[in-house]
Each structure stands twice: as structure tokens, then as C-alpha cells.
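Enquirer: Sequence and predicted structure are below.
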Amino acid sequence: MRAQAGMKLLTHNLLSSHVRGVGPRGFPLRIQATEIRVSPVDFNPDFVTRMIPKMEWAALVEAAESLGHLSELPRQLEEGYEKDEDFLRKVHHVLLEVEVVEGTLQCPESGRVFPISRGIPNMLLSDEEAAS
Amino acid sequence: MSALAPEERPPSLRDPPSPLPAGARYFCTVGRGLEPFLMREIRARLAVTQVEYVSGKVFFTTNSGLTMLKQLKSAERLFLLLKRQPPLIISSRSKGKVFNEIQRLVTGDPMCWVRAVSIWRSLELEENLPPEVAKPSKRKTGENENIVTKKLKIEQTLAMPGDAECQLEKQNSDKMEEHKDLTTEKENFQEEKSENDGEKEVEHHQGKLTFRVSCRCSGTIAKTFTTEIFIHLNDIYSVVGIPVFRLPLASRAYIKVAGLRSTIAWTMASLAEINVGAVVLDPMCGLGTILLEAAKEWPNASYLGADVSDSQLLGAFDNLKSAGLMDRIELFKFCVTELPLLSQSVDVIISDVPFGKKFKLGKDIKSVLHEMERVLCVGGTIVLLLSEDLHKYLQDYKESNITWNSSKDSTDEFKIVKYVNAEEKNRIQENVSSSFQDVRQECLDKRPLFGTLVQMECHKVSLGRTEAFISKYKKIHASELQQPS
């Protein structure tokens, strides 16, 4: 049984820094990975099709690239992707099969660094840093 | 509807039909407040011909096999029903006569036992297990019921199929006075947390039945008996049954350490409308019980859990690993009042809001709801488990927001809303501590609780020693909030 897990790129695409004053400029967080894991996940085309519209595509591509897993993902979403199984499989790989086990996430605006340890990102802010 | 004998059935059938074409009668014990959910679940999962419930139990008839019966997620335990009758009438103060009544109820119909035992054994065969020693069973005593609950242990010699009689070896009887003490016991669903972990048995050398009044079936007792018989006598009914499985259904094989009760967690997830491709968040996940139940039942969604406590996160991680759900559920360390998530990025939020003093009413719950509202997509669902205090606080908060003008309110888009159902308003004012005969309380009044969060449903449930509310909200579009005319 696997002993490790990590942050997936699907989830990274939803994360945003909430340091005080940063607002929408806190996305996307820059990934620095010291340990990555690639492990197979069952492919479900329905799942991938519904997930794609929720993603910020440019940020996803940038994140995949920074981890060295860009693997022919187009920089722009094309029409009719729902029926392109090859494409869906590539997206599936990037969203679900690449995990950051150790590393950091950095707020692009404030520079604040959030560590990822044993697959769990620690995004707890101190009271001074928090927005409220 | 198969007429095949057990040996002839092809082993490849995923849910082998029960060997009983006509079906067998069962009942489940169930937490108070969850009865309607269990009924719905039974109708959805099983082929049933009859379903009904009383407080704490759901009775049904089905020919579905064990594989499907095991799937029931909102039930506590599953029993074969032997007898269900109107309450025993104690017509005499004589102990002897009362014993006779009870004895007649339990053992007075040998054919009933023969049938039940043969069903039980064929179910065991179907499951390919030898008849096992029964695991500890819960005793339940209702607070308002003048009830005497007993467990009758009968040592049985296994009858050969076709024998007309089971031989029942009976032991000696005990005293009534002990039972009266138990009417003050609190109701308890949790096996491990039995308050009265005692057994009382006195030997007389007269009658034929033994009543062992105990809360646990363990040690030598557990090992000497092949099964246990469940008897529940109160002012509403007399019920006799045999447990079908060794372990309660509520005890999940895939959960290593449970936090919240699994039945409650599953029911909350079932209310949350988790669709394929949904992003589901539990921002106060603790040991992850809710996420585990949800991910098991609705695997094609993305699950995120967060907590501020390292020890809880470690426990949750352990649970995920044991359940084989590390692919489905991701863990984070962050605080529910500061969610590091984009606005409108989450489809579903399900959470057990912490009870107790750690969680301050007022400021904290408002920050929590504010953040939840922000990250939730329009049309998204929130399902929360609230303590009675918190529930009351939110009801009052909702009321008071309507009375004031919107200028007083801190959220941007709050506007006064018209009443949907004026008649329902009276029902909502009803005392929330009404008895459990009101199995659930639905708040159909669609005034917004907070900003664009509108309450959809509200159900009072029992957690064993305390009560709580499962409360469901949806986020509506700001344009759906209407001005008073």
C-alpha cells in the first residue's frame, strides 16, 4: 500500500494565497517541488470533462510545466475537447496522477512561502498575516 | 426470485439472490432522527415489499441477498425479525406470571424459531462463514419509555435441517428489581461507551429462562454462545430478533478510527448532492469520517479535507491510507475562517461544526459562514452538523436579520426576502426540544440565513447522548433575493 500522498495539480489550481491585502493577485501559487510522485489513477472521462471548465487553464499549464509534466498539453483549450479521448487522458494525467509530496508553494504577490510536507500543504497564517 | 438450491447457484453472480424467494423479514436499529433516511435508503438499495418504522427501528421485507443488505449505511444493526407484537400486558403483579408471559413470547412458538434458524443458517452459508460468536451488542433503553430490555442467551444445539425442534437448553431465572434500575440508563448507541458495564444474574432454582441483564457480550459469555437473541419490550411493542451479522452495520471495515458516527456522516453526504466531477470540501475534517463515507459512496468527485490540528491530520491520513482512498481525498492544514481557495471554486461543503467551548458562538460562526459562502459556487450545497446551541443561535440570527434593515448588515448583497410559506413559519417556532416523536424538523422557510445562503432542510438527530441538527443550505444567485413589495 502506498505510504505517501501529495498535492495534485487539480487542487493546486483552486488554491490562492489569502495573505492580507493580496486579493486575486495571490493566484496561482508558484510550486517548488523537491519530491514528486507519479502514480496511476483510474481514468474516468466524465470526471475529466466536468473538471476542465472549472480549471484556470493557463495556470494549469504553467504548473505542469514547472513540474516537468507538460507532456504535450496544449497552451490553449480547443473546442470539442470532450470527444477527444487522447486529450482527456493527457489532462487526466496532469490533474490527478502527478503529486507534490515535498516542496513549497509561494504567494506570487507577497512572497510568503507555504511548505508542503508529507503531501500536506500547510497554509495556516499567523494572526498578523491573515486578512481579517 | 431464484429457485436454485445453494449448490447450484453460479458463483459469479455479483449479488446472489437470497435462497428465500418470498423474502425474509428484517428490522434495523437506527439512530433517532435517521429513520426517514434509512427508509429511503432501503427502498433505493433493496427490492422490498414492505417498509415501515417506529422510533429507532425500521422494519422491512426483502429477498435481496446479504451483499446488498451489508450496503445499508444509515442503519446501526440488522436483525432477522422473529416476532413483533403489541406490548405485553402485565396483568398481574406475580413475578411468576410475568415470566410466563415473557417466556411465551420468546419460546412459545417453536416453528417460528425453526424457520428463523434455518433462514439464519442459510444466510450464513451464503456468506460462506461459519456461524460465529456474536460480538458485543448494544442495549438500548429509552428515557421516556417504561421499558425493560433484556437479552436472552440461549444455548442451542444446532438442529439438522428438517428437524422439527430445536433443543433449547434453558437456565435459571433472575429478579425483576434489577431491571427497574435500568430504566434510568441513558440511551446509548456506542458499543464501547456503555455506562453500566455490568452483568447481573441470579440463579433461582425454579423457572426455566435466564435473563442476563448486561451491556456487553464479551469474554467467556461471548465465547460460549453461538448467537444472541435481541428482545425489546416497551409500551409500544414487543420485538424479538436475531442479529444477521457479527458486527453492527455502523461499524465500517474501511474506517480505522471513527470520529463522527459513520451513519450520520453518510447521511450528511447523502443530502449534499455530490455529482460527478464535484469539488467537495470539509474545512474542519478532524479524522476525515465524512470524507471517507462520501468518497466511498460517490467516488467520482474530488475531495479536500482541512484541519488546524496536526494530530487530527495524522489520524485522517492514517484513515485514508487504511481505506485505500488516498487517491480520492487530499488533506491540507488551514483554518476554516481563512480558506486559501479561490472564490466560487467549491461545489459542496460538508462539515461537522465543532461542539463545545472551543468553538465560540457569534464571531466565529459568522466568519465561518462568510468564508464558506465565498468559496461556494452558485447552486452549491452546504451540509452542516450543528449543536443545539448553534442551531438555535443561527435560527435567532436569521430572524433578527429580517427584522432589521439591510443597511445594518455587514454582507454586501443581503436584501430582505419575501416569505415563501407563511404557514411554515409557525412550525419553525415550535420548541426544538420536542420529543423524538417528531422525527424530523423541516425548515421550509426560504429566507436567507446569511448573504446568499438559503436554508433548505433541517433534521434533528440523536448522537447517542446528545442531540444535533443536520442543516442543509444552498447558495443562490444574488438576483434571486427579492425585495419586499
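Expert: Ah, there it is. Numbering: from 1, shown residues only, chains lettered A, B, ... in the order given.

Enquirer: Give me the spatial nearest neighbour of the residue of chain A found nearest chain B, chain neighbours excluded.
Expert: When distances are taken as CB to the nearest CB, chain A reaches nearest to chain B at A:R50, 2.8 Å away. To be clear about C-beta, it is placed using only N, CA and C from the backbone, and glycine gets the same treatment. Among residues not flanking A:R50 along the chain, B:G277 sits closest, at 2.8 Å (CB to CB, 6 or more residues apart in numbering or on different chains).

Enquirer: likewise B:P448?
Expert: B:V454 (5.1 Å).

Enquirer: one step back: got a list of contacts for whichever helix or strand the residue of chain A closest to chain B is part of?
Expert: For A:R50, the host element (DSSP states H and E) is helix A:45-51. Residues outside helix A:45-51 that contact it (CB atoms under 8 Å, 6 or more residues apart in numbering or on different chains) are A:10, A:81-82, A:85, A:88, A:91-92, A:95, B:275-277, B:300-302.

Enquirer: Quick one, which of these are buried?
Expert: A:10, A:88, A:91-92, A:95, B:277, B:300-302 (16 or more other CB atoms under 10 Å in any protein chain shown).

Enquirer: In strands, which of the residues you listed fall?
Expert: B:S302 (DSSP state E).

Enquirer: what's the residue of the stretch 251-400 of chain B found nearest chain A in contact with, if anything?
Expert: The stretch 251-400 of chain B approaches chain A most closely through B:G277 (2.8 Å), counting by CB to the nearest CB. B:G277 is in contact with A:46-51, A:54, B:300-302, counting by CB under 8 Å, 6+ apart.

Enquirer: Swap in 7 Å and give it another go.
Expert: B:G277 is in contact with A:46-47, A:50-51, B:300-301, counting by CB atoms under 7 Å, 6 or more residues apart in numbering or on different chains.

Enquirer: quick revisit: quick check: of the buried ones among the contacts of helix A:45-51, which lies closest to B:L88?
Expert: Nearest to B:L88, judged by CB to CB, of the buried ones among the contacts of helix A:45-51 is B:A301 at 49.6 Å.

Enquirer: out of everything not next to it in sequence, what's closest to that closest one?
Expert: In space, and not counting its chain neighbours, B:A301 is closest to B:A278: 4.3 Å by CB to CB, 6+ apart.

Enquirer: In this structure the residue nearest to B:P448 contacts B:A478, no?
Expert: No. Judged on CB atoms under 7 Å, B:V454 makes no contact with B:A478 at a distance of 11.7 Å.

Enquirer: Which residues are in contact with A:L105?
Expert: Each residue near A:L105 by CB under 7 Å, 6+ apart is listed here: A:15, A:29, A:31, A:114, A:116, A:121.

Enquirer: Is it within a helix or a strand, and which one?
Expert: Using DSSP H and E, A:L105 sits in strand A:98-106.

Enquirer: count of residues packed around B:Q85?
Expert: 11 (other CB atoms under 10 Å in any protein chain shown).

Enquirer: Correct me if wrong: it contacts B:S238.
Expert: Yes. B:Q85 lies in contact with B:S238 (CB under 7 Å); the separation is 4.7 Å.

Enquirer: joint contacts of those two?
Expert: Taking CB under 7 Å, 6+ apart as the contact rule, B:Q85 and B:S238 both touch B:L105.

Enquirer: which stretches of the stretch 301-450 of chain B form strands?
Expert: B:302-307, B:329-333, B:346-352, B:376-387, B:448-450 (DSSP state E, counting those that start in this stretch).

Enquirer: Comparing these by mean pLDDT, which bottoms out?
Expert: Among the strands of the stretch 301-450 of chain B, strand B:448-450 has the lowest mean pLDDT, at a mean of 73.

Enquirer: Next SSE downstream of the helix holding A:R50?
Expert: Sequence-wise, the next helix or strand downstream of helix A:45-51 (DSSP H and E) is helix A:57-66.

Enquirer: any idea of the angle that next one forms with strand A:98-106?
Expert: In terms of direction (axes from the mean of the first three to the mean of the last three CA atoms, to 10 degrees), helix A:57-66 departs from strand A:98-106 by 100 degrees.

Enquirer: contacts for helix A:57-66?
Expert: A:9, A:12-13, A:28, A:31, A:70, A:73, A:75, A:77, A:94.

Enquirer: Report the two of those separated the most.
Expert: Checking the contacts of helix A:57-66 with CB to CB, the most distant pair is A:I31 and A:L77, at 21.1 Å.

Enquirer: Around B:A323, count how many other residues there are.
Expert: 21.

Enquirer: In chain B, where is pLDDT below threshold?
Expert: Filtered on pLDDT under 70, chain B yields the residue ranges B:1-21, B:92, B:127-226, B:356-363, B:401-447, B:481-485.

Enquirer: interface residues of it facing chain A?
Expert: B:276-277, B:279, B:300, B:302, B:304, B:308, B:313, B:321, B:326-327, B:330-335, B:338, B:340-342, B:345, B:367 (CB under 7 Å from any CB of the partner chain).

Enquirer: Just the buried residues from these, in PyMOL please.
Expert: Buried residues within the residues of chain B next to chain A, by 16+ other CB under 10 Å, are selected in PyMOL with:
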select buried, chain B and resi 277+279+300+302+304+313+321+326+327+330+331+332+333+334+335+338+340+341+342+345
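
Enquirer: Which of the residues of chain B next to chain A fall within helices?
Expert: Here DSSP state H is the test, and the residues of chain B next to chain A give B:313, B:321, B:367 as lying in helices.

Enquirer: Residue numbers of chain A in contact with chain B?
Expert: So far as CB under 7 Å from any CB goes, chain A lies against chain B at A:1-2, A:5, A:7-8, A:10-11, A:14-18, A:27, A:41, A:44, A:46-47, A:50-51, A:54, A:120-125, A:130-132.

Enquirer: Buried subset of these, written for PyMOL?
Expert: Here is the PyMOL command that picks out the buried ones among the residues of chain A next to chain B, judged by 16+ other CB under 10 Å:
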select buried, chain A and resi 5+7+8+10+11+14+15+16+17+18+27+44+47+50+51+54+120+121+123+124+125
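
Enquirer: Now do whichever strand or helix holds A:I36 against strand A:98-106, angle only.
Expert: For A:I36, the host element (DSSP H and E) is strand A:30-38. Here strand A:30-38 runs at 160 degrees with respect to strand A:98-106, directions being taken by the same axes, to 10 degrees.

Enquirer: and strand A:30-38, how far from the chain's centre?
Expert: Between the centre of strand A:30-38 and the centre of its host chain there is 10 Å, according to CA atoms, centre = their mean, to the nearest Å.

Enquirer: still on that earlier bit, same list (the strands of the stretch 301-450 of chain B) but as CSV, adding distance to B:E76.
Expert: Formatted as CSV, the strands of the stretch 301-450 of chain B follow (distance: least, CB to CB, whole Å):
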stretch, distance to B:E76
strand B:302-307, 25
strand B:329-333, 25
strand B:346-352, 19
strand B:376-387, 18
strand B:448-450, 31
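
Enquirer: Quick one: closest of these to B:D396.
Expert: strand B:448-450 (11.2 Å).

Enquirer: list the buried ones in that closest one?
Expert: Neighbour count says strand B:448-450 has B:448-450 buried, by 16+ other CB under 10 Å.

Enquirer: so which of those residues comes closest to chain A?
Expert: Distances from chain A to the buried residues of strand B:448-450, taken by CB to the nearest CB, are shortest for B:F450, at 15.9 Å.

Enquirer: Okay, the closest residue in space to B:L82 that isn't next to it in sequence and B:G108: tell me how far apart.
Expert: Computed as CB to CB, 6+ apart, the closest residue to B:L82 that is not its neighbour in sequence is B:V240, at 4.3 Å. Look at B:V240 and B:G108: by CB to CB, to the nearest Å, they are 11 Å apart.
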